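>>> A predicted structure for the sequence below; I have some questions about it.
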Number of protein chains: 2
Amino acid sequence: MRFIIQRDRLVQSVQDVMKAVTSRTTIPILTGIKIVATSEGVTLTGSDSDISIESFIPKEEDGDEIAEIKQTGSIVLQAKFFSEIVKKLPTDSVEIHVENQLQTIIRSGKSEFKLNGLDAEEYPLLPQITEENVIKIPTDLLKAMIRQTVFSVSTSETRPILTGVNWGVENGELTCIATDSHRLALRKASIETETAEHYNVVIPGKSLNELSKILDDTNKLVEIVITENQVLFKAKHLLFFSRLLEGNYPDTSRLIPTESKTDVVVNTKEFLHAIDRASLLAREGRNNVVKFTTNEDEVIEISSNTPEIGHVVEELQSQSIEGEELKISFSAKFMIDALKTLEGSEIKISFTGAMRPFVIRPINDNSILQLILPVRTY
Amino acid sequence: MRFIIQRDRLVQSVQDVMKAVTSRTTIPILTGIKIVATSEGVTLTGSDSDISIESFIPKEEDGDEIAEIKQTGSIVLQAKFFSEIVKKLPTDSVEIHVENQLQTIIRSGKSEFKLNGLDAEEYPLLPQITEENVIKIPTDLLKAMIRQTVFSVSTSETRPILTGVNWGVENGELTCIATDSHRLALRKASIETETAEHYNVVIPGKSLNELSKILDDTNKLVEIVITENQVLFKAKHLLFFSRLLEGNYPDTSRLIPTESKTDVVVNTKEFLHAIDRASLLAREGRNNVVKFTTNEDEVIEISSNTPEIGHVVEELQSQSIEGEELKISFSAKFMIDALKTLEGSEIKISFTGAMRPFVIRPINDNSILQLILPVRTY
């Protein structure tokens, strides 16, 4: 294998596939990046066996030469060293050349590295996925849907299925749901599909976080292919594979209250800042619990009290308070997480009494919903 | 105590004095910030008993009212909470009011905090320093002198005196020296002094690092007062006290070679980048040792070899190589640290053989010197 390539393109691709590489793997070859040069260009692959990422650099794009392939072939290089090296090379182009014995030369200007490579034949094959039933979704919408749900996945391995996000596809609509059993995030959107098939899968939260980091903020379409135990995301020159979680995701539809006893409309930002301040003194280790009280004249009071430190009271003018008076306590952290995902300047919070889950939605937008279970305070 | 103050000025002052506050103190009241309101303005104090910082906010500056003092007095508030609270307050002005029983109200817009304060009478007094023999130095020069020496202090408590920087004042010149016994940094500069007195003190590296973070990048003069066991730095509205280290600093003058056998002149940036790349493969845990070789045609070769990973060779065109041929090994980390402090595009490295310390200086500038001990390689 021997090719000359633009350094910046190589650096970008290496950074992308590095998202899948971990040093904590029991399969030594997965600490490497696989590099394959064909007559079409150069393909890099990184994997931790849960997530696999493949990035392709074409030899030519829009009439510009990006890589000159002198000899096709393949090698696996230690990811940790290879990624540091390419970042720091002195000139705009890099030559990579596998000599005999898997020894690989990386040359740029007057800088020359010789790295001991590994045989690419020993690198695990990526899942073979037949590209039927492709779902298409704009990149920025996909990233928003991930951001608005993935923070609610469970971080505990007690119920592994809850560490993933439940993706359901039905009637041209994608619904993403995440819950750690104390809160729930739901986001849905219309999508393009070629099929009437239904899907109901659970994608690891970690995979979605890494995917989100790699994708650009464009409105170009990402193609998604779901199989029995894998999901594949295809963007330009990029393949992102993730395994799916096994098991049945709990039916969350019964959790979401359909009616309410108190409805409050507030400005999202003002409410977020008030909660943030009120949580400053909230007792540590108790998940920053704050108290929410409806007062007269559409005023909301948010307060918290920690006898040894002090007391805080925030007053907030709401747009409207309808229904019963309410005193309720909840985790400020959960509320802040939820509010950060809600676009639009105003939100409606619908309560069904102090001991029942409540729902936060942007006004005039049914595509997103955040649910929080209150905390019993004594 | 009761006053109304501009939030931004309060936030800035709190941030400054927080540099001295640590939660790991055995004196509980030092986890707090002392606030004193007089008819002149508000003074904040933070201290960890090694470093003490006092920041003054005048009630009026350049004709603008900054604080309105309604009642003089004092209080100590928990630094951790107070600093978070002031940063997040909703409006541009803040009222701070000590009620009975040391309970303190912080009010801004519709946000109201009640914090349990501590009695300011119990806060330790700052050192009393008579302001004789003042040394004056521009702020930016002081920061440069700190930056160019403090990185070389020892991090080990085996010889505590080496964790500080040796400051000597003699004949209108300040000399700063730091060494961890593997490398040495020296920087000198002319200063304004009112006195012919000599000083030779050792200032803890940590104090200088914190001082450097607080000082603005201006050329305004900082006043320095050195006493037997304390040093005081005075900038506008700011007092920074540090204790001095006890003991005798070793005489380092004999360490610095006065003649050389090989002199190399190189471009600082090119050399820095070549060393940085060569160190990528250098064996971990052995302090990143690289090999430096003078070749023909004024070429320098920098290389490193770690059999299990690979080999790197960097070639660099020097400006000149004078004297004997040389092969020498040294810590890439020490070289990178040293090069980062050297301004000017070209440096001269003066060697006295492969086993002797060598000296790096900018060309045409005798005010700064970096010395590194080579590493014996087998």
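Cool, got the structure. Computed from a prediction, not measured in an experiment: that's the story for all the values here. Numbers count the residues shown, from 1 in each chain, chains lettered A, B, ... in the order given.
>>> Those residues of chain A touching chain B, which are they?
Proximity of chain A to chain B (Cβ under 8 Å from any Cβ of the partner chain) is limited to residues A:78, A:81, A:84-85, A:88-90, A:103, A:110-116, A:273-274, A:276-277, A:280-281, A:308-316. (C-beta placed from N, C-alpha, C; glycine too.)
>>> Mind checking which of the residues you listed land in helices?
Using DSSP state H, the members of these that fall in helices are A:F81, A:E84, A:I85, A:K88, A:H273, A:A274, A:D276, A:R277.
>>> Any chance of those in JSON lines with neighbour count as columns?
As requested, these are exported to JSON lines (neighbours: other Cβ atoms under 10 Å in any protein chain shown):
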{"residue": "A:F81", "neighbour count": "20"}
{"residue": "A:E84", "neighbour count": "16"}
{"residue": "A:I85", "neighbour count": "23"}
{"residue": "A:K88", "neighbour count": "16"}
{"residue": "A:H273", "neighbour count": "19"}
{"residue": "A:A274", "neighbour count": "27"}
{"residue": "A:D276", "neighbour count": "19"}
{"residue": "A:R277", "neighbour count": "25"}
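>>> Show me which of those is closest to A:E122.
Distance to A:E122 across these (Cβ to Cβ) is lowest for A:F81, with 18.4 Å.
>>> quick one: contacts for the closest one?
Residues near A:F81 by Cβ atoms under 8 Å, 6 or more residues apart in numbering or on different chains: A:L115, B:L280, B:L281, B:I309, B:G310.
>>> could you redo the last one with a cut-off of 10 Å?
A:G32, A:I106, A:F113, A:L115, A:N116, B:L280, B:L281, B:T306, B:I309, B:G310, B:V312 (Cβ atoms under 10 Å, 6 or more residues apart in numbering or on different chains).
>>> from what I can see the third one touches A:P90, true?
No: counting by Cβ atoms under 10 Å, no contact exists between A:F113 and A:P90, whose distance comes to 11.7 Å.
>>> the strands in the stretch 151-300 of chain A, which residues?
Counting by DSSP state E, counting those that start in this stretch, residue ranges of the strands within the stretch 151-300 of chain A are A:164-170, A:173-179, A:183-190, A:192-193, A:199-204, A:221-226, A:230-235, A:238-243, A:262-267, A:289-294, A:299-306.
>>> partner strands of the fourth one, parallel or antiparallel?
Note on strand A:192-193: by DSSP bridges, its sheet partners are strand A:135-138 (antiparallel).
>>> mind listing what's buried in the partner strand?
Within strand A:135-138, the residues scored as buried using 16 or more other Cβ atoms under 10 Å in any protein chain shown are A:I135, A:I137, A:P138.
>>> I'd like the next helix or strand past that strand.
Scanning forward in sequence from strand A:135-138 by DSSP states H and E, the next helix or strand is helix A:139-150.
>>> Tell me the predicted confidence for A:T306.
Each residue has a pLDDT score; the one for A:T306 is 87.
>>> low pLDDT regions in the stretch 201-350 of chain A?
Scanning the stretch 201-350 of chain A with the threshold set as pLDDT under 70 gives A:283-287.
>>> now do 50
Applying pLDDT under 50 to the stretch 201-350 of chain A flags no residue at all.
>>> Centre-most residue in chain A?
The residue lying closest to the centre of chain A (Cα atoms, centre = their mean) is A:N209, at 2.5 Å.
>>> Quick check: closest non-adjacent residue to it.
In space, and not counting its chain neighbours, A:N209 is closest to A:V150: 6.0 Å by Cβ to Cβ, 6 or more residues apart in numbering or on different chains.
>>> What count of nearby residues applies to A:R147?
Look at A:R147: counted by other Cβ atoms under 10 Å in any protein chain shown, it has 16 neighbours.
>>> How about the one 10 residues further on?
Residues within reach of A:E157, counting by other Cβ under 10 Å, total 8.
>>> Please apply the same query to A:T218.
A count of nearby residues for A:T218, using other Cβ under 10 Å, gives 13.
>>> Then A:I321?
For A:I321, using other Cβ under 10 Å, the count is 21.
>>> what's the answer for A:T91, then?
11.
>>> contacting residues around it?
The contact partners of A:T91, by Cβ under 10 Å, 6+ apart, come to A:R7, A:R107, A:S108, A:G109, A:K110, A:S111.
>>> For A:V312, name its beta-bridge partners.
Counting by DSSP bridges, the residues bridging with A:V312 are A:S304, B:F113.
>>> Turn the buried residues of strand A:135-138 into TSV, columns for pLDDT.
TSV is the format used below for the buried residues of strand A:135-138 (pLDDT from 0 to 100):
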residue	pLDDT
A:I135	92
A:I137	95
A:P138	96
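>>> ok, the residues you listed vs A:Y249, which is closest?
Of all the buried residues of strand A:135-138, A:I135 has the smallest distance to A:Y249: 18.4 Å, by Cβ to Cβ.
>>> Once you drop chain neighbours, what's closest to the closest one?
A:I224 (4.3 Å).
>>> what's the answer for A:S350, then?
A:S260 (3.7 Å).
>>> for that neighbour, what are its contacts?
A:E322, A:G323, A:E324, A:K348, A:I349, A:S350, A:F351, A:T352, A:G353, A:R356, A:F358, A:V359.
>>> Compute the distance between the second one and chain B, please.
As judged by Cβ to the nearest Cβ, to the nearest Å, A:G323 and chain B stand 23 Å apart.
>>> partner residues bridging the closest residue to that residue other than its chain neighbours?
Leaving aside its chain neighbours, A:G323 sits nearest to A:T262 (4.1 Å; criterion: Cβ to Cβ, 6+ apart). Assessed by DSSP bridges, A:T262 has beta-bridge partners A:G323, A:F351.
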